[in-house]
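# Predicted model and sequence follow; I will ask about them next.
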Amino acid sequence: MTSKVYVALRVKASPERAFQAFVDEIGLWWRPSPLFQTTPRALGRLAFEAGEGGRLTETLANGKVFEIGRIVTWAPPHRLVFSWRQATFPPDLHTEVEACFELVGGETRVSIEHRGFTRVPTESAARHGFPDQALQMRLAEWWRSQLASLDDHAAQA
């Protein structure tokens, strides 16, 4: 069984705008999920620190900051790769997300490949009791809704 999910959606924006919205404005379009929550507590606001090695964080209302991951590849406006850690992951486990931005006509195809979920132990709370295929289907549905939210947000600018 493969351990990756791939989804893509055309966004009504240039690659530059789509990349900028994805990175600089993630706190405005991101939609949290109880299945894939990034902090063990209340929801916060996501933000990227630009550049390789930059962090993806979630800041709670009380100011506490949780590191979700780090940027591995920074190639604006075409590609971004970052590590991903959910609140329910074992302490030493990360998965990886690759986001690509490709001009198609007057729009941008934003694709997400989220890989590494088979490293999550079967008994981990992060799986919610789902076998691999069901977990990956839920993850794909969630990423599709994230990209739809990105499309709505990026198109408004």
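Yes, it's here.
# center of this protein, which residue is that?
Closest to where the C-alpha atoms of the chain average out (C-alpha atoms, centre = their mean) is V97, at 6.3 Å.
# Could you check which helix or strand contains that residue?
Using DSSP states H and E, V97 sits in strand 95-104.
# Grab the longest helix from this protein for me.
helix 132-155 (DSSP state H).
# what about it, average pLDDT?
Computed over helix 132-155, the mean pLDDT rounds to 89.
# Can you list the buried residues in that helix?
135-136, 138-140, 142-143, 146-147, 150-151, 153-154 (16 or more other C-beta atoms under 10 Å). Just so you know, the C-beta spots here come from the backbone N, C-alpha and C atoms, and that holds for glycine as well.
# what about the strands in this protein?
Here the chain has its strands, by DSSP state E, at 4-11, 45-48, 55-59, 65-75, 79-84, 95-104, 107-115.
# Isn't V72 up against R79?
No: look at V72 against R79 with C-beta atoms under 8 Å: they stay out of range, at 10.4 Å.
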